[in-house]
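[1] sequence-free structure coming up:
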Ligand SMILES: *Cc1c(COP(=O)(O)O)cnc(C)c1O
């Protein structure tokens, strides 16, 4: 077997093929489905082969970790699009706006306010998603479904934030399809176009339910040996 870093480009190609097939099966335009390659816990040695293979859209779930590896990679490879897919603290908003092109995890007014302020200061518009706790799990990040409309209204009307879509991480022990269908319906009701949903285990199902951003890590880079961030 090849070391994980050498098999990553082949894994990427396989994931892309499966996305093509899932989009075709769902009669969806392939151009509407974006693959976010999730690089958390992996160093530049693992990421480089995938960059060299031409992939440009990546996801990290911690600001600090992203700061340690992506600025140097951005200098070497033009056109990188970096997505924050993990929880954000408001005291990290400045760094997050500086580092990332998209943030998937807005789930409370304080974060929305901090991002609005920083984007204005830095003169930068990021692509933004509201994270919805579709399983209503007590420990989990995300706004409760019934509070999503209120948070969206605050973002749009008071903060003039342009929210692109919704994001969810379904409960581990439940059927993901139910949550993807729910998020798609909520997005439609709220008039939001983008849906960030689907990971290694279920990205094809997510595409079937309308995902426009799937976030795939281990299926491309191998299993994470380091302690996975929550
Ligand atoms: C780690 C992570 C992923 C990717 O998970 P895999 O199962 O490795 O594909 C997707 N989304 C979020 C929010 C993550 O933290």
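    Structure received. As the structure is a computational prediction, the values presented were derived from the model and not from experiment.
[2] what residue is smack in the middle of the protein?
    Residue closest to the mean C-alpha point of the chain, counted by CA atoms, centre = their mean, is residue 85 at 4.4 Å.
[3] could you find the closest non-adjacent residue to residue 122?
    Spatial nearest neighbour of residue 122, excluding adjacent residues (CB to CB, 6 or more residues apart in numbering): residue 97 at 5.4 Å. Bear in mind the C-beta positions are built from the backbone N, C-alpha and C, glycine included.
[4] I'd guessed the one you found sits against residue 116; true?
    No: Residue 97 is not in contact with residue 116 according to CB atoms under 8 Å; the separation is 9.9 Å.
[5] hang on, the earlier thing: surely the residue nearest to the centre of the chain and residue 36 touch.
    Yes: with contacts defined as CB under 8 Å, residue 85 counts as touching residue 36 at a distance of 7.0 Å.
[6] shared neighbours of these two, anything?
    59, 196, 215 (CB atoms under 8 Å, 6 or more residues apart in numbering).
[7] give me the below-cutoff pLDDT ranges for this structure.
    Counting by pLDDT under 70, the chain has low-confidence residues at 1-5, 226-230.
[8] now do the strands in it.
    All strands of the chain, identified by DSSP state E, fall at 34-38, 57-60, 81-84, 102-106, 127-131, 163-167, 194-196, 213-216.
[9] okay, the ones you listed in JSON lines with distance to the ligand next?
    Listed next are those as JSON lines, based on distance: least, CB to the nearest ligand atom, whole Å:
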{"stretch": "strand 34-38", "distance to the ligand": "4"}
{"stretch": "strand 57-60", "distance to the ligand": "7"}
{"stretch": "strand 81-84", "distance to the ligand": "9"}
{"stretch": "strand 102-106", "distance to the ligand": "7"}
{"stretch": "strand 127-131", "distance to the ligand": "9"}
{"stretch": "strand 163-167", "distance to the ligand": "8"}
{"stretch": "strand 194-196", "distance to the ligand": "8"}
{"stretch": "strand 213-216", "distance to the ligand": "4"}
